[in-house]
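Student: Whatever this is, show me its structure:
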Amino acid sequence: MICTLSGCASKNETECLFPRAEESYVGDVMALSDDNGVYLNYLYETDNNGIGYHPIHQFYTRDFLRFEDKNEVLPFAEDSEKQDLAVGTGSFIKDDKGIYHCFYTGHNDYYDLYGLDKECVMHATSKDNKKYTKNYDEIIHAPEGYSTTDFRDPQILRTDDGYIMLVGARKENEEESAIVYYESQDLENWTFKGDFYTSKDLYFMECPDVFELGNKYYMVFSWNNVVYYRVADSFFGPWEKPEIDTFDGNGFYAAKTCEYNGKRYLIGFLDRKKRESDSLSYTWAGSVLVYELRQLEDATLGVCMPEQYNEYFSKEIFSAETADKSLDLGQVPNTCHLSFDLTLEDDGRCELSFANSELNEEYKISVDNAEDNISYNAFPNFQAMKLEAGKTYKTDVVVEKDIVVIYVDGNKALSNRIYAAQGADWKLDLSGAQADNVVIYGK
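Tutor: Residues are numbered from 1 along each chain as shown. All right, here's what the predicted structure looks like:
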């Protein structure tokens with residue numbers, strides 16, 4: 001069982017890092033932040049979906065260490081003839097009059113049978129950010145020449161002149177995905193402007209988002225269980241693809257960003273695995289996963305452990321000055337933070353292994369200079385990263401029950417569910433590598 005929140009409407013906060021509500025899973029996250037905290041709106045998933053599915057629920061946090069479950073804020077339609085029989089990803093924004101707006105995807109699996117648009121962009125509003133009222137008169141359909149089956153995930157961005165809405169789309173009769181955009185002055189009347197970005201490499205680009213950090217603009221989007229990004233000097237591009245254009249492996253998905261307390265966070269979800277089997281592939285929806293974003297010296301983006309996790313884990317429970325071959329860590333707590341400084345030779349390799357005698361399983365997370373990646377071997381998962389011989393990499397591993405996330409030098413990360421890690425004997429194995437200042441912190 002992972003960290004869960006009570007399904008009640010209590011104001012009591014639950015301490016955890018990777019929340020999900022009881023008896024459910026977190027799908028695509030749509031964050032809205034203000035001076036008081038961050039509202040993590042998300043698609044609510046269960047394994048018992050009916051004809052309608054994926055209402056939007058909400059968590060609230062002030063620090064990404066404690067979360068309050070605010071429950072449902074936007075339901076799916078009960079009428080099978082309504083456009084939003086299922087609710088898909090969108091975004092939330094508060095206007096200058098204090099009104100909250102939710103733009104979301106209306107999805108109806110039956111509309112294809114009637115020759116109607118399967119996916120459209122829809123609009124709902126709220127005065128208190130607790131319950132949203134839908135406006136079925138403001139539905140935005142796919143423009144001519146774009147698929148009516150793949151038209152989703154609106155993202156609203158405020159500009160000096162009003163608002164821009166990005167929408168994931170696909171061009172009909174062309175092997176090309178697109179992010180299109182609209183402009184508005186009032187969040188009600190929208191003008192289609194055309195393509196914002198296109199790609200022939202990916203079938204679709206879900207959950208688009210654009211933000212400014214430092215002296216650059218960045219665009220993130222997702223497809224096939226991977227989060228990608230692009231870089232530009234201006235809002236409208238041209239957009240360049242970095243040599244390594246991902247942050248994490250294939251378990252972290254549908255991430256978008258928000259700014260809070262002067263920092264930019266990338267927030268998505270970490271998938272789960274059916275039957276809690278480490279050897280299986282990931283299944284859609286799981287738990288909230290938050291990364292802190294950093295602009296690196298070469299203007300690429302890095303992800304790191306949120307700084308406040310250092311506050312969360314403050315009790316030192318294990319330490320070793322150095323290790324260059326093997327270091328037994330024992331059975332670590334189900335919630336902890338492992339930290340060490342890693343130096344690799346040309347073909348150096350560091351393996352963090354989890355040996356569970358009760359399950360007769362052993363799995364490994366590796367940082368490999370020969371392969372230039374971080375990898376996990378149960379069901380193969382990896383993140384490419386350029387590693388250099390002789391350079392020291394600050395490495396953090398955060399654990400909460402079956403969730404294990406490794407962060408390497410504030411650059412790349414690899415998140416996984418490792419069910420066998422609970423109650424396992426942990427060990428660092430080093431070949432052509434050295435780990436210094438090895439510390440495990442608990443709560």
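Student: C-alpha only now, for contacts and for neighbours.
Tutor: OK.
Student: what's the nearest residue to Ala320 if we skip its chain neighbours?
Tutor: Distance criterion Cα to Cα, 6 or more residues apart in numbering; nearest residue to Ala320, sequence neighbours excluded, is Val438 at 5.1 Å.
Student: Tell me the pLDDT of that neighbour.
Tutor: Here the pLDDT value assigned to Val438 is 98.
Student: Same question for the one 5 residues further on.
Tutor: Model confidence at Lys443, expressed as pLDDT, equals 93.
Student: can you count the residues close to it?
Tutor: Neighbour count of Lys443, defined by other Cα atoms under 10 Å: 13.
Student: Does it touch Asn334 like I think?
Tutor: No. The pair Lys443 / Asn334 is not scored as a contact, 10.3 Å apart, by Cα atoms under 8 Å.
Student: ok, now which ones touch the residue nearest to Ala320?
Tutor: Under the criterion of Cα atoms under 8 Å, 6 or more residues apart in numbering, the contact partners of Val438 comprise Phe318, Ser319, Ala320, Glu321, Thr322, Leu338, Ser339, Phe340, Asp341.
Student: For stretch 51-67, buried residues please.
Tutor: Buried residues in stretch 51-67, counted by 16 or more other Cα atoms under 10 Å: 52-67.
Student: Contacts for it next, please.
Tutor: The set of residues external to stretch 51-67 that reach it, using Cα under 8 Å, 6+ apart, is 5, 13-17, 19, 36-45, 68-78, 80, 85-88, 290, 308-309, 312.
Student: Among those, name the buried ones.
Tutor: Neighbour counting over the contacts of stretch 51-67 (16+ other Cα under 10 Å) leaves 5, 14-17, 19, 38-45, 68-77, 85-88, 290, 309, 312 as the buried ones.
Student: Out of those residues, name the ones that lie in helices.
Tutor: Secondary structure assignment by DSSP state H places Tyr309, Tyr312 of those in helices.
Student: Setting the sequence-adjacent residues aside, check what's closest to the spatially most central residue of the chain.
Tutor: The residue lying closest to the centre of the chain (Cα atoms, centre = their mean) is Gly268, at 1.7 Å. Sequence neighbours aside, Ala255 is the residue nearest to Gly268 in space, at 3.8 Å (criterion: Cα to Cα, 6+ apart).
Student: same thing with Leu289?
Tutor: Phe269 (5.0 Å).
Student: Run through the bridge partners of the one you found.
Tutor: Here Phe269 sits in beta bridges with Tyr253, Val288, going by DSSP bridges.
Student: try Tyr407
Tutor: Beta bridges link Tyr407 to Asp396, Ala413 when assigned by DSSP bridges.
Student: What of Glu316?
Tutor: Beta-bridge pairing of Glu316 under DSSP bridges involves Tyr441.
Student: ok, now Ser353?
Tutor: Applying DSSP bridges, one finds that Ser353 bridges with Lys364, Lys427.
Student: Quick check: it touching Leu428?
Tutor: Yes. Counting by Cα under 8 Å, Leu428 is a contact partner of Ser353 at 6.5 Å.
Student: re earlier: pretty sure the residue nearest to Gly268 belongs to a helix, no?
Tutor: No. Note on Ala255: no helix contains this position according to DSSP: H, G, I helix; E, B strand; the rest coil, which reports strand.
Student: what's the spacing between it and Ala323?
Tutor: Taking Cα to Cα, to the nearest Å as the measure, Ala255 falls 36 Å from Ala323.
Student: quick one, which of those two is more surrounded?
Tutor: Between Ala255 and Ala323, counting by other Cα under 10 Å, Ala255 is the more crowded of the two (29 against 18).
Student: per-residue confidence for Lys11?
Tutor: pLDDT, Lys11: 57.
Student: for Leu5, that is, sorry about that
Tutor: The predicted structure scores Leu5 at 60 on the pLDDT scale.
Student: And the one 3 residues further on, by the same measure?
Tutor: The predicted local confidence for Cys8 comes out at a pLDDT of 38.
Student: Likewise for Asn48?
Tutor: The pLDDT attached to Asn48 in the predicted structure is 89.
Student: The closest residue to Trp284 other than its chain neighbours: what's it in contact with?
Tutor: With Cα to Cα, 6+ apart as the measure, Asp271 is the residue that lies nearest to Trp284, at 5.5 Å, once sequence neighbours are left out. Remark: with contacts taken as Cα under 8 Å, 6+ apart, Asp271 is in contact with Gly251, Phe252, Tyr253, Tyr282, Thr283, Trp284, Ala285, Gly286, Ser287, Arg417.
Student: try 7 Å this time
Tutor: Asp271 makes contact with Gly251, Phe252, Tyr282, Thr283, Trp284, Ala285, Gly286, Ser287, according to Cα atoms under 7 Å, 6 or more residues apart in numbering.
Student: Pull out the buried residues from the residues you listed.
Tutor: Under a neighbour-count criterion of 16+ other Cα under 10 Å, the subset of the contacts of Asp271 counted as buried comprises Gly251, Phe252, Tyr282, Trp284, Ala285, Gly286, Ser287.
Student: I'd like to know which of those is nearest to Tyr146.
Tutor: Using Cα to Cα, Trp284 is the member of those that lies nearest Tyr146, at 26.1 Å.
Student: which residues does the residue lying closest to Ile267 once chain neighbours are set aside contact?
Tutor: Once flanking residues are discounted, Ile267 sits nearest to Val290: 4.6 Å by Cα to Cα, 6+ apart. Shown here is Val290, whose contacts under the criterion Cα under 7 Å, 6+ apart are Tyr265, Leu266, Ile267, Gly268.
Student: Tell me how far Val290 lies from Phe252.
Tutor: Using Cα to Cα, we find Val290 at a distance of 10 Å from Phe252.
Student: Give the residues shared as contacts by these two.
Tutor: Contact criterion Cα under 7 Å, 6+ apart; residues shared by Val290 and Phe252: Gly268.
Student: picking up where we left off before, can you pull the phi/psi pair for the residue nearest to Ala320?
Tutor: For Val438, the backbone dihedrals are phi -80, psi 120 (criterion: degrees, to the nearest 10).
Student: can you check Lys274 too?
Tutor: Lys274 adopts backbone torsions of phi -60, psi 140, taken as degrees, to the nearest 10.
Student: ok, now how distant is it from Trp223?
Tutor: In this structure, Lys274 lies at 21 Å from Trp223, with Cα to Cα as the measure.
Student: So which of these two has more stuff around it?
Tutor: Comparing Lys274 with Trp223 by neighbour count (other Cα under 10 Å), the higher total belongs to Trp223, at 16 against 12.
Student: which ones are touching the more buried one?
Tutor: Taking Cα under 7 Å, 6+ apart as the contact definition, Trp223 lies against Phe204, Met205, Glu206.
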